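Student: Here is my input, please return the structure:
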Amino acid sequence: MIKYLGSKLRLLPGITDVVARIPNARSAVDLFSGTARVAHALKGRGVRVEANDHNAYARTLAAGLVQADRERWTEEAERWIARLNALPPRAGWFTQAYAEEARFFRPENAARIEAAREEIAAAALDPELEAVLLTSLLLASDRVDSTTGVQMAYLKDWAPRSFRTFTLALPSLHSRPDAGACHAHGMDALQAAAVLSADVGYLDPPYNRHRYRNNYHVWETLVRWDQPETYGTVRKRDDCRGPASPFNRRGEIRGALSTVIDRLDCRALVVSFSDEGFLSRVELEEMLDPRGVVQVLTAAHPRYVGAKIGIHNPRGEKVGTIGRLENVEMLFVVTPEGINLDEVPGFATATASVSN
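Tutor: Numbers count the residues shown, from 1 in each chain. Got it, this is the predicted structure:
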């Protein structure tokens, strides 16, 4: 999976274990799917997943990792990946923007990325196969970039991984669950909450001012392939100037998340949040209490890699000091009658909501 702010890699065993303990949980809605890490893992455990995210790169990752089934696409995707890896480099607008004007990739890798993306764009492929190949492209690009993990800056000196040769590989695909086909959606979360339903709703919303499209604007451009107008040292897409989501606004997140919780047609909810967020544990418990018994798991979690090396400007120059290195991740589990949450991997023993 790509490096990602708010990644649930370390907490993934616990999250999937919690879902497995919920009685008759054969389907799940992942409303803010991001890199699709959780949705992909749930599919691997036989859960039918409806993954949703309004960003194009995230919707593509969900289509390539969650909607696409291993038996259907492995052979054809491997043929295409071999073809793409054999292409000669093709430097154009992408190489100029992201290897010359900005230094996210070394020019030779940017030209290989560009050649592969142009070939995919020209092929008029089945949408699922295209999503698998674009997922492979994003994962391969992430392995040779020169950032701390977000695209608000690139490193002043080339990262060691940037000297690797860009090479695509088949993403990890799972078989279709017995419970049915999985799907990827690209809706706004408020809209998706009104139309998607499942046994379990998994919510991992943005929780502070950090906007994912701004942090991953290069991935958005690679997927859209629209040669956008750009600005600033890091050549952000012009649409990054647009208004922030209500989930990124302190004064609006409570109302937006309350609406999502009220709308979701799910027997159980699992909500991931951080103590760095705009909402407190007590506020979240109050919002979730009408849906059932609220139990809370906590885990100390390292902050994203950029926090470990300090604050940098868009050119990758250090301009600030290192802050705290850990936060507390909270997992709110809401079920009709409560469930046993002893010894969940990576989490402290659950405590019940103060209001129950």
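Student: Looking at stretch 255-266 now, give me its mean pLDDT.
Tutor: In this model, stretch 255-266 has a mean pLDDT of 97.
Student: now what about it, what contacts it?
Tutor: 29, 31, 189-190, 193-194, 196-201, 203, 205, 245-247, 269, 279, 287-288, 291 (CB atoms under 8 Å, 6 or more residues apart in numbering). For the C-beta atoms, the positions are set from N, CA and C on the backbone; glycine is no exception.
Student: Which ones among those residues map onto helices?
Tutor: 189-190, 193-194, 287-288 (DSSP state H).
Student: Among the residues you listed, find me the one that's closest to residue 223.
Tutor: Residue 223 lies nearest to residue 189 out of the ones in helices among the contacts of stretch 255-266, by CB to CB, at 19.0 Å.
Student: On the pLDDT front, check that closest one for me.
Tutor: Per-residue confidence (pLDDT) for residue 189: 96.
Student: Counting neighbours, what do you get for it?
Tutor: 23 (other CB atoms under 10 Å).
Student: Quick one: mean pLDDT for stretch 31-44?
Tutor: pLDDT averaged over stretch 31-44 gives 96.
Student: Pull out the buried residues from it.
Tutor: Judged by neighbour count (16 or more other CB atoms under 10 Å), stretch 31-44 contains these buried residues: 31-44.
Student: swap in stretch 142-162?
Tutor: 142-155, 159, 162.
Student: Is residue 131 inside a helix or a strand, and which specific one?
Tutor: helix 127-142 (DSSP states H and E).
Student: Residues contacting the following helix or strand past that helix, please?
Tutor: Later in the chain than helix 127-142, the nearest helix or strand by DSSP H and E is strand 183-185. With contacts defined as CB under 8 Å, 6+ apart, strand 183-185 is touched by 33, 36, 49-53, 59-60, 62-63, 66-67, 131, 192, 196.
Student: now do stretch 70-83
Tutor: 119, 125, 128-129, 132-133, 136, 168-170, 173-176.
Student: May I see these arranged in TSV, with pLDDT, distance to residue 73 and neighbour count as well?
Tutor: Formatted as TSV, the contacts of stretch 70-83 follow (pLDDT from 0 to 100; distance: CB to CB, whole Å; neighbours: other CB atoms under 10 Å):
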residue	pLDDT	distance to residue 73	neighbour count
119	98	17	15
125	97	11	16
128	98	6	17
129	98	6	18
132	98	5	29
133	98	10	28
136	98	11	23
168	98	14	24
169	98	14	12
170	98	9	19
173	98	7	21
174	98	11	20
175	98	11	12
176	98	11	17
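Student: Please identify which of these is nearest to residue 334.
Tutor: residue 174 (26.7 Å).
Student: which of the contacts of stretch 255-266 are buried?
Tutor: Buried, going by 16+ other CB under 10 Å: 29, 31, 189-190, 193-194, 196, 198-201, 203, 205, 245-247, 269, 279, 287-288, 291, out of the contacts of stretch 255-266.
Student: If residue 326 is in a bridge, with which residues?
Tutor: Beta-bridge partners recorded for residue 326 (DSSP bridges): residue 302.
Student: okay but it is in contact with residue 300, surely?
Tutor: Yes. Using CB atoms under 8 Å, residue 326 is in contact with residue 300, at 5.1 Å.
Student: Kindly indicate which of the ones in helices among the contacts of stretch 255-266 lies nearest residue 216.
Tutor: Using CB to CB, the ones in helices among the contacts of stretch 255-266 come closest to residue 216 at residue 189, 17.1 Å.
Student: what's the helix holding residue 131 packed up against?
Tutor: Packed against helix 127-142 by the contact rule (3 or more CB pairs under 8 Å, 6 or more residues apart in numbering; DSSP states H and E) you find helix 56-62, helix 70-85, helix 107-122, helix 217-224.
Student: Quick one: work out the angle between it and helix 217-224.
Tutor: Helix 127-142 runs at 150 degrees relative to helix 217-224, counting by axes from the mean of the first three to the mean of the last three CA atoms, to 10 degrees.
Student: could you check the angle helix 70-85 makes with helix 127-142?
Tutor: With the same axes, to 10 degrees applied, the angle from helix 127-142 to helix 70-85 works out at 50 degrees.
Student: Please enumerate residues in contact with helix 127-142?
Tutor: By CB under 8 Å, 6+ apart, helix 127-142 touches 1-3, 57, 60-61, 63-65, 67-68, 72-73, 76-77, 80-81, 84, 105, 109, 113, 116-117, 120, 123, 125, 166-171, 173, 184, 218-219, 222-223.
Student: Relative to the whole chain's centre, how far out is it?
Tutor: The chain centre lies 14 Å from the centre of helix 127-142; the measure is CA atoms, centre = their mean, to the nearest Å.
Student: For that helix, C-alpha coordinates in CSV please.
Tutor: Coordinates of each C-alpha in helix 127-142 appear next as CSV, following Å, rounded to 0.1, in the frame of the first residue of the first chain:
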residue,chain,number,x,y,z
PRO,A,127,-12.8,-0.1,-16.2
GLU,A,128,-11.9,-2.8,-13.6
LEU,A,129,-8.7,-3.9,-15.5
GLU,A,130,-7.8,-0.2,-15.9
ALA,A,131,-8.2,0.2,-12.1
VAL,A,132,-5.9,-2.7,-11.4
LEU,A,133,-3.3,-1.3,-13.7
LEU,A,134,-3.6,2.2,-12.3
THR,A,135,-3.3,0.7,-8.8
SER,A,136,-0.1,-1.0,-9.9
LEU,A,137,1.1,2.4,-11.3
LEU,A,138,0.4,4.2,-8.0
LEU,A,139,2.0,1.6,-5.9
ALA,A,140,5.1,1.5,-8.2
SER,A,141,5.3,5.3,-8.2
ASP,A,142,5.1,5.5,-4.4
